[in-house]
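A.B. asks: Structural data only, the sequence is not supplied:
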């Protein structure tokens, strides 16, 4: 049994990891970090940096004195607490801590320092190593965990393609401009389209597309499975070429997913998604699925099976323990 500190949390991933590791017999402590000013815009955000660093001091002292066998810190910029504590640590990259923070001079220095000091660096999507050239030897692919078993039981396969969900953050990096060009023709086909009121573009899009799209507030993570079960088809991101946690959640719930995908990033086990890169292709994909219940059931089954293989809890725990303690994942 190991004494493990899981520092910070992103999208509930650390909370799931804590549950899995405790179930395997480890002594796990979750440590939250203060987030003063984290959501502010630059340059105002710079004013909060000294305050945040001062607020990190209790965690830094805790890591020094805690005699942890494993320290695992989520989000690379937050890894500064491991650097300042002077303890061996694992860091986990989630995406924006690389492709956004590396464009900022202040965060770039912090990020590179964390990459240099970390024992190993977990990354959650296969496009992220491109941002970490020079650190390839310490990178470990750790796909986000999803409670596939419960989702599979809760969500019957769809039999039509009428209830559509745009399940992505409304942000330019997600290519949402390519998605929302499809909403008027989809509505003309008789589809009911729902989107999350989530992300910096949400206020503008709610006004611009409210005639064709129902916008709903984000739901608690524990309710995602039941929420997804209310839709036939999910439309995911259209720019990054990878599956974010939201697309993976949809696959785990047995929802056919239409998304932009770079299949070269998944050479060993390509995800069974419906590929599209713009609004015309989205509309065409939905048209193909209309009145095809057998095809929808097949895609639903394949989606769940893929999620079990690549994102199930047992697989995630095996990868974690192999990285922490050496050996091969089962």
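C.D. replies: Arrived safely. Remember, it's a predicted structure, so these values are computed and weren't measured experimentally. Numbering: from 1, shown residues only.
A.B. asks: And residue 115, how far from residue 201?
C.D. replies: Here residue 115 is placed at a distance of 31 Å from residue 201 (Cβ to Cβ, to the nearest Å). The C-beta positions use only the backbone N, C-alpha and C, and glycine is treated the same way.
A.B. asks: more crowded one of those two?
C.D. replies: A count of neighbours by other Cβ atoms under 10 Å puts residue 115 above the other of residue 115 and residue 201, at 20 against 17.
A.B. asks: leaving aside the residues next to it on the chain, what's closest to the more buried one?
C.D. replies: Excluding the flanking residues, the one nearest residue 115 by Cβ to Cβ, 6 or more residues apart in numbering is residue 135, at 5.0 Å.
A.B. asks: Where does the prediction get shaky in the stretch 201-330 of the chain?
C.D. replies: 327-330 (pLDDT under 70).
A.B. asks: one more time with 90, if that's ok
C.D. replies: Within the stretch 201-330 of the chain, the stretches with pLDDT under 90 are 219-226, 240, 291, 326-330.
A.B. asks: quick one, strands of it?
C.D. replies: Along the stretch 201-330 of the chain, the segments classed as strands by DSSP state E, counting those that start in this stretch run 213-216, 233-235, 257-259, 274-275.
A.B. asks: ok, residues contacting the second one?
C.D. replies: Under the criterion Cβ atoms under 8 Å, 6 or more residues apart in numbering, residues 158, 161, 163-168, 179, 182, 228, 247, 250, 255-259, 282, 286, 289 lie in contact with strand 233-235.
A.B. asks: about what we covered before: what's the closest of the strands of the stretch 201-330 of the chain to residue 104?
C.D. replies: Across the strands of the stretch 201-330 of the chain, residue 104 has its closest neighbour in strand 257-259 (28.0 Å, Cβ to Cβ).
A.B. asks: circling back: show me how to select, in PyMOL, the buried members of the contacts of strand 233-235.
C.D. replies: Buried subset of those, written as a PyMOL selection, criterion 16 or more other Cβ atoms under 10 Å:
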select buried, resi 158+161+164+165+166+167+168+179+182+228+247+250+255+256+257+258+259+282+286+289
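A.B. asks: I'd like to know which of the contacts of strand 233-235 are part of helices.
C.D. replies: Secondary structure from DSSP state H places 179, 228, 247, 250, 282, 286, 289 of the contacts of strand 233-235 in helices.
A.B. asks: Closest one of those to residue 102?
C.D. replies: Each of the ones in helices among the contacts of strand 233-235 was scored against residue 102 by Cβ to Cβ, and residue 247 proved nearest at 23.5 Å.
A.B. asks: Spell out the residue ranges of the helices in the stretch 1-150 of the chain.
C.D. replies: Ranges of helices in the stretch 1-150 of the chain, per DSSP state H, counting those that start in this stretch, are 13-23, 44-55, 57-65, 80-85, 96-99, 105-117, 148-154.
A.B. asks: out of those, nearest to residue 313?
C.D. replies: Using Cβ to Cβ as the criterion, the shortest distance between residue 313 and those is 5.8 Å, found for helix 13-23.
A.B. asks: tell me the mean pLDDT over stretch 161-180?
C.D. replies: Averaged across stretch 161-180, the pLDDT comes to 96.
A.B. asks: again with stretch 57-64
C.D. replies: Stretch 57-64 shows a mean pLDDT of 95.
A.B. asks: I'd like the numbering to begin with 30 instead of 1 from here.
C.D. replies: Fine by me, first position is 30 from now on; the one you just mentioned is stretch 86-93.
A.B. asks: And the furthest pair within the ones in helices among the contacts of strand 262-264?
C.D. replies: So, the ones in helices among the contacts of strand 262-264 by Cβ to Cβ: farthest apart are 257 and 311, at 18.1 Å.
A.B. asks: Where does pLDDT dip in the stretch 80-229 of the chain?
C.D. replies: The stretch 80-229 of the chain contains residues with pLDDT under 90 at 80-85, 124-137, 175-185.
A.B. asks: how deep is the closest residue to residue 40 other than its chain neighbours tucked in, by neighbour count?
C.D. replies: Take residue 40 and drop its neighbours on the chain: the residue closest to it by Cβ to Cβ, 6+ apart is residue 274, 5.5 Å away. Here the number of neighbours of residue 274 (other Cβ under 10 Å) works out to 22.
A.B. asks: cool, residue 232 as well?
C.D. replies: Residue 232: 12 neighbours (other Cβ under 10 Å).
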